[in-house]
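> Let me see the structure of the following:
(4 chains)
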2 protein chains.
Amino acid sequence: MPVISEISDDPKYTIKTVSARTGIRSVTLRAWERRYEVLNPQRLDNRYRQYSDRDIEILRWLKSRVDSGVPISAAAGELRRMVKTGEWAEVLPAGISPPAGRAAYPPHVYVEQLYRTLVKHDEARAAELYQEIFSSYSLATAMVEVLVPCLVEIGEAWYRGAIRIATEHFASAFLRGKLLTMLQAYPQRRSAPNILIGGAPGEQHELGALMLAVLLRSEGFRVEYLGPDIPLEDLVDYAKYEKPQMIVLSAVTETAALELRSMQTLLSRLRPAPVFGFGGGAFNLRPELRSQIAGTFLGDTLDSAVATVATLMTGRD
Amino acid sequence: MPVISEISDDPKYTIKTVSARTGIRSVTLRAWERRYEVLNPQRLDNRYRQYSDRDIEILRWLKSRVDSGVPISAAAGELRRMVKTGEWAEVLPAGISPPAGRAAYPPHVYVEQLYRTLVKHDEARAAELYQEIFSSYSLATAMVEVLVPCLVEIGEAWYRGAIRIATEHFASAFLRGKLLTMLQAYPQRRSAPNILIGGAPGEQHELGALMLAVLLRSEGFRVEYLGPDIPLEDLVDYAKYEKPQMIVLSAVTETAALELRSMQTLLSRLRPAPVFGFGGGAFNLRPELRSQIAGTFLGDTLDSAVATVATLMTGRD
DNA sequence: CAATCTTGCATAAGGTTGGTATAATCTTCA
DNA sequence: TGAAGATTATACCAACCTTATGCAAGATTG
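Here you go, the predicted model:
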């Protein structure tokens, strides 16, 4: 995260752009400049103001002060004093950008932003946001508090008819790409996998399983991700040779969930028999499905799924 | 990734082509040239402008600045300053495919190696191979000569019963991840897309469409990838607002291919009506299907698809 | 409690920008 | 030969930017 002095001071932006980026109306920007001598943007030949990236950061800081109740006059004085003593160099970025691990904004703000960006099909901005989210929060928090709620929101918006399937597909392709990139970024040892993860037969949604795979790899488990819609017989046949300690299948639709009923029986023929875990949206929407599947229900959140898998795996290593 | 000075400065493109590839109208291109002394394309004997790849890169950079809020006058000034100091060399290198290095082995060797590695589920080695392949060959060659044959081999092996579906799924997830990563590595401008790419309704295979999307982005087209299995009505509805110049759908299975029969009719209601292109395994296995779909068949290879799309796109402003 | 201060916002009057429209020619190509 | 597309040049106009003035709601003060 850049320190204030490293942020470009090249004049670039018009007042309109700055207004949009900081959320401060342009009239107000001019009033602040006139009344409190805060900032002094360069001028073009035509007297237009030109703001730099640094100016924007400063304005964001000012706004954060004002938003938290400090009158603008006091905030401006504070700023002038800090500029003089040089201490602003450290203070400024802290007020604005996430100092590694601490969030600039609470998760729900990112949920909203990511949702709106994806719905607009703005891939570039979504990528920036994604990066910001994952550098603000831990992997698990980013997924549980931002990605999952955002996916839920997209799902609901689709159900309400507020967005098109094409939009849902776009968002899904975007996140799939990001998650697969993360998955492949964890170096996988060349030995046989401990855990196989995939989607139930007939299941087309794969983001849940994918997030779990990424999380488990980040925890150091040897995970192999097989994608959605895996036929059970085939999976069991594969497991016969690879001998994984655990198999996890996820189901979002009810039909896919019901497909899992025979899994435990198929697995129990294997020696040693892998543990079978399952989860996914279907079991949260209709909890009564849980009891119909023989195997371990991993819980209704990603967090609990990781925890359950960890317990099951360390209980038999 | 090549630096700007290594990008060919040979004049090649007409203003129309440049307009299509950058998303800037030709009138605007001429206005920029006249007003801001930005660019100075060579002229033919007939005074027609001739742009080079480098010109296109410069224009893309300019557009990205404008899109992020910098007025064109300021962006042009910034560019002139950077040209003078030579620092623009670092700024520009984005979105061009590497100039094919020399290959250590002929493609078919890599096909075999990649196939064997994927069948063994050896993700780490596959990633190494993948990298080697794409640094040995150009993007197009790597896909056409290595990836596609490898996918064909996997498909045939599955058909023969020589490999499991789980293995096919694993390979597919691996390549999907790699390709989506590449797709997202090409910065997508914030403007409306020229081309929408996706899979026909009911189609679950997405690698072909994905490769085409990556190739077209690498050629500078503004591509939006929507994933597999897109309902036609929904896609048309989306196109109504986004007004893409072209829509490409791919089909591997015959049923999915037949779904495309009504596409052209749906699209022709739109003003302006986007060009509709189609392709995919189904049309190569059963060539008679081609004539059943109204629209442009993109050819039976990735190469020809890229070429056809390029022709169609530059043939209209 | 009335006077004053603070501060965000509205409005007016005037200048600039920048994408696009129009027209009049010329070149290419089928 | 006509359609499509390139050329220059002029002009338009909506959207912006500029300064200046002023107001209203809320806080502060004498």
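> Show me what counts as buried in whatever helix or strand A:Ile133 lives in.
Assigned by DSSP states H and E, A:Ile133 falls within helix A:123-136. Of the residues in helix A:123-136, A:Glu123, A:Ala124, A:Arg125, A:Ala126, A:Ala127, A:Leu129, A:Tyr130, A:Glu132, A:Ile133, A:Phe134, A:Ser136 count as buried by neighbour count, 16 or more other C-beta atoms under 10 Å in any protein chain shown. In short, each C-beta sits where N, CA and C put it, glycine included.
> and if you look at stretch A:213-229?
A:213-218, A:221-229.
> chain center to stretch A:112-132: distance?
10 Å (C-alpha atoms, centre = their mean, to the nearest Å).
> meant to ask about stretch A:308-317, not that
With C-alpha atoms, centre = their mean as the basis, stretch A:308-317 stands 26 Å off its chain's centre.
> Same check on stretch A:60-68?
Taking mean C-alpha positions (C-alpha atoms, centre = their mean), stretch A:60-68 and its chain are 26 Å apart.
> what about it and DNA strand C, touching?
Yes: Stretch A:60-68 lies within reach of DNA strand C by C-beta under 7 Å from any atom of the strand, at A:Val66.
> Buried residues, that stretch. List them.
Under the neighbour-count criterion of 16+ other C-beta under 10 Å, stretch A:60-68 has A:Arg60, A:Trp61, A:Leu62, A:Lys63, A:Arg65, A:Val66 buried.
> Show me what the strand or helix carrying A:Gln184 is packed up against.
Taking DSSP H and E as the definition, one finds A:Gln184 inside helix A:165-185. Under the contact definition 3 or more C-beta pairs under 8 Å, 6 or more residues apart in numbering or on different chains; DSSP states H and E, helix A:165-185 sits against helix A:107-119, helix A:123-136, helix A:148-160, helix A:207-218, helix B:165-185, strand B:223-225, helix B:232-242.
> export that helix as PDB, just CAs?
Extracted as PDB, the C-alpha positions of helix A:165-185 are listed here (Å, rounded to 0.1, in the frame of the first residue of the first chain):
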ATOM      1  CA  ILE A 165     -29.000 -14.600 -16.800                       C
ATOM      2  CA  ALA A 166     -26.400 -13.200 -19.100                       C
ATOM      3  CA  THR A 167     -25.300 -11.000 -16.300                       C
ATOM      4  CA  GLU A 168     -25.300 -13.800 -13.800                       C
ATOM      5  CA  HIS A 169     -23.200 -15.800 -16.300                       C
ATOM      6  CA  PHE A 170     -20.800 -12.900 -16.700                       C
ATOM      7  CA  ALA A 171     -20.400 -12.500 -12.900                       C
ATOM      8  CA  SER A 172     -20.000 -16.200 -12.500                       C
ATOM      9  CA  ALA A 173     -17.300 -16.400 -15.300                       C
ATOM     10  CA  PHE A 174     -15.500 -13.600 -13.700                       C
ATOM     11  CA  LEU A 175     -15.400 -15.100 -10.200                       C
ATOM     12  CA  ARG A 176     -14.700 -18.600 -11.500                       C
ATOM     13  CA  GLY A 177     -11.600 -17.100 -13.300                       C
ATOM     14  CA  LYS A 178     -10.400 -15.400 -10.200                       C
ATOM     15  CA  LEU A 179     -10.900 -18.400  -7.900                       C
ATOM     16  CA  LEU A 180      -9.300 -20.800 -10.400                       C
ATOM     17  CA  THR A 181      -6.400 -18.500 -10.600                       C
ATOM     18  CA  MET A 182      -6.100 -18.500  -6.800                       C
ATOM     19  CA  LEU A 183      -6.400 -22.300  -6.700                       C
ATOM     20  CA  GLN A 184      -3.700 -22.700  -9.200                       C
ATOM     21  CA  ALA A 185      -1.500 -20.200  -7.400                       C
END
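> Taking helix B:232-242 as reference, get the angle to that helix.
Angle of helix A:165-185 versus helix B:232-242, following axes from the mean of the first three to the mean of the last three C-alpha atoms, to 10 degrees, is 90 degrees.
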